[in-house]
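Trainee: The following block contains a protein sequence and its predicted model.
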Amino acid sequence: MATITGHTTRSAGTILTAAIYNADHVNHINNATALNNAKLEGAAGPVTDGHAVVFNGTSGASLRTLAAFPVAATRAVNTSGGLSGGGDLSADRTLSIATNGVTADKLANGNLAVGFTASVVDDGTKSSGTYTPNTTGGNFRKITNGGAHTIAAPANDGTIIIKVTNNASAGAITFSGFAKVDQSSVLTTTNGHIFFLYITRVDATSHVSVRALQ
């Protein structure tokens, strides 16, 4: 590190002698040592090994070790997406994969090694018009057949399973936009009858298969 030095001012016309030169030289060394120590100690105290300092080049008052500028303890490490263990910085934090997270041991060469549960989305009663199922919110869905209506092919690629339950007002169900419809003849309008619709769309081509559950 460069030495911080002072200088001695003498009156104009002073004749430089060996004694003056030597005295000034010693004075410069002493002043530089004291100045360096003062600036490296500053208001934050002496600098210890392993610390860095912020120095403005003019005053030791602004000198600080990095420990004087810590991240506030109120700042937090937040977790999501299968991670747990976050919190504020008032203590050490250890992050880990949550018990419901996807871990390396559950994936082997790209193959899923575990099963997953799913919630069923209730799309309500359909009694007229066109119902277009989609995967938003979940791939498992249910509707009540409360009157004649049309089920259209989904707008996005994916797989959807729909549970259809007839009520006392059930009507005929027709299909629209599917490249292939299998077993639609098993659909009835009998109150209480239940059906599964297996819908698949790949590269904008859709297929639906109907299965009666009675």
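Mentor: Yep, it's here. Numbering: from 1, shown residues only.
Trainee: show me where pLDDT drops low in the protein?
Mentor: Along the chain, segments meeting pLDDT under 70 span 1-10, 12-14, 16, 20-22, 24-70, 81, 98-109.
Trainee: okay, now the domains of it?
Mentor: The record's domain parsing of the chain by automatic domain parsing lists 18-68, 71-116, 120-212.
Trainee: Span of the longest one from start to end?
Mentor: One end of domain 120-212 sits 19 Å from the other (C-alpha to C-alpha, to the nearest Å).
Trainee: Over to stretch 143-159?
Mentor: 16 Å.
Trainee: Equivalent analysis for stretch 82-95, please.
Mentor: First residue to last in stretch 82-95 (C-alpha to C-alpha) measures 10 Å.
Trainee: buried ones in that stretch?
Mentor: Judged by neighbour count (16 or more other C-beta atoms under 10 Å), stretch 82-95 contains no buried residues. The way it works is simple: take the backbone N, C-alpha and C, and place the C-beta from them, glycine included.
Trainee: got it, and stretch 181-197?
Mentor: Quick answer for stretch 181-197 (16+ other C-beta under 10 Å): 181, 184, 187-189, 193, 195, 197.
Trainee: taking these one by one, which sit in strands?
Mentor: 181, 195, 197 (DSSP state E).
Trainee: Hmm, residue 162 and the last one touching each other?
Mentor: Read it as residue 197. Yes - because the distance of 4.2 Å satisfies C-beta atoms under 8 Å, residue 197 is recorded as touching residue 162.
Trainee: and for those two, which residues touch both?
Mentor: Counting by C-beta atoms under 8 Å, 6 or more residues apart in numbering, the common neighbours of residue 197 and residue 162 are residue 151.
Trainee: what about residue 11, distance to residue 140?
Mentor: 97 Å (C-beta to C-beta, to the nearest Å).
Trainee: Could you do residue 152 as well?
Mentor: 19 Å.
Trainee: Over to residue 149?
Mentor: For residue 149 relative to residue 140 (C-beta to C-beta), the value is 20 Å.
Trainee: for residue 189, same thing?
Mentor: On the measure of C-beta to C-beta, residue 189 and residue 140 end up 24 Å apart.
Trainee: what's near enough to touch residue 122?
Mentor: Contacts of residue 122 (C-beta under 8 Å, 6+ apart): 141-143.
Trainee: three-state assignment of it?
Mentor: strand (DSSP: H, G, I helix; E, B strand; the rest coil).
Trainee: Could you number the chain from 34 rather than 1 from now on?
Mentor: Got it, the first residue is 34 from now on, which makes the last one we talked about residue 155.
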